[in-house]
Structures are given as C-alpha cells and as structure tokens.
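Novice: Generate coordinates for the sequence data below:
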Amino acid sequence: MPETPYDTPDGDRVWVIDTPTAAHNLPTMLDRFRNGDTEPLIFGDSGEPEGVVISWAEWSRLQALRAEGNGFDHAYDVARQRITDEHAEPSVALEHVAEEIGWDLDDTEPTKPDADGR
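Specialist: Model prediction:
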C-alpha cells in the first residue's frame, strides 16, 4: 500500500495513503469499523493529508465534544457580556447567572448540552 509518513505540527507522525489506494480500501475500512477498530484512514496526494475517513462512532463522539465546547462558549459569552455591560448590576447572584446559562446548581451529574449548545 503506497504510504507516506507525515509529521504533524505537534510532533506526531501519521501515514498518508494515496487517494486511489484509499478508494480501493474503503470496503476494508468498513469491515475494520464494524469490528471496533477506530483507527482513521488518512489520505491525500503527494504525501500531504487532505482527507480522513473515520467511523460513525468516532464522528458521533467528536460531535458530542463539539457540542460541549459550544456550551462553554455560550457560558463564556454570557459572562463576558455581563462584565462589559455598563448597565448591569455591580454583582449578580450565582443562581441567576446559572439560570441564564442553563446550569442546574442542584444537579451533581454533568449533563450534555442540548441542540442549542446549552
């Protein structure tokens, strides 16, 4: 299989498969994913990574992480807006802030954000 090593900026090394070989190996990748292997298929031309094939399970996991990040971004934006709002009260009760950003202070288990990232 024509593979080229590629060193990422963080020092990791990945193997890039040329595009025709990657296309030929898609059925094999599907079998690997069905057997629980989550290693991605990285492909591109001239040894440069240009695309990645990942399992549905891995894609779903990444989407959940993205949603969690969006929830943090929303909370950060609300806090930043409150700090810079010249008409805001000098201090705000934690309960009000938590309600505004969708946090349940009585919940001891972390929850996943909804579709709006809250």
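Novice: just checking, next helix/strand downstream of the helix or strand of the chain with the lowest mean pLDDT?
Specialist: Using mean pLDDT, DSSP states H and E, the weakest-scoring helix or strand in the chain turns out to be helix 56-84, at a mean of 74. From helix 56-84 onward toward the C-terminus, using DSSP states H and E, the following helix or strand is helix 94-101.
Novice: list the helices and strands that following helix packs on?
Specialist: Applying 3 or more C-beta pairs under 8 Å, 6 or more residues apart in numbering; DSSP states H and E, we find helix 94-101 packed against helix 56-84. All C-beta spots, glycine's among them, are computed from the backbone N, C-alpha and C.
Novice: Give me the number of neighbouring residues for residue 47.
Specialist: 14 (other C-beta atoms under 10 Å).
Novice: is it true that it touches residue 15?
Specialist: No - look at residue 47 against residue 15 with C-beta atoms under 8 Å: they stay out of range, at 9.7 Å.
Novice: Name the spans of the protein whose pLDDT lies under the cut-off.
Specialist: 1, 69-76, 78-80, 82-83, 85-92, 108-118 (pLDDT under 70).
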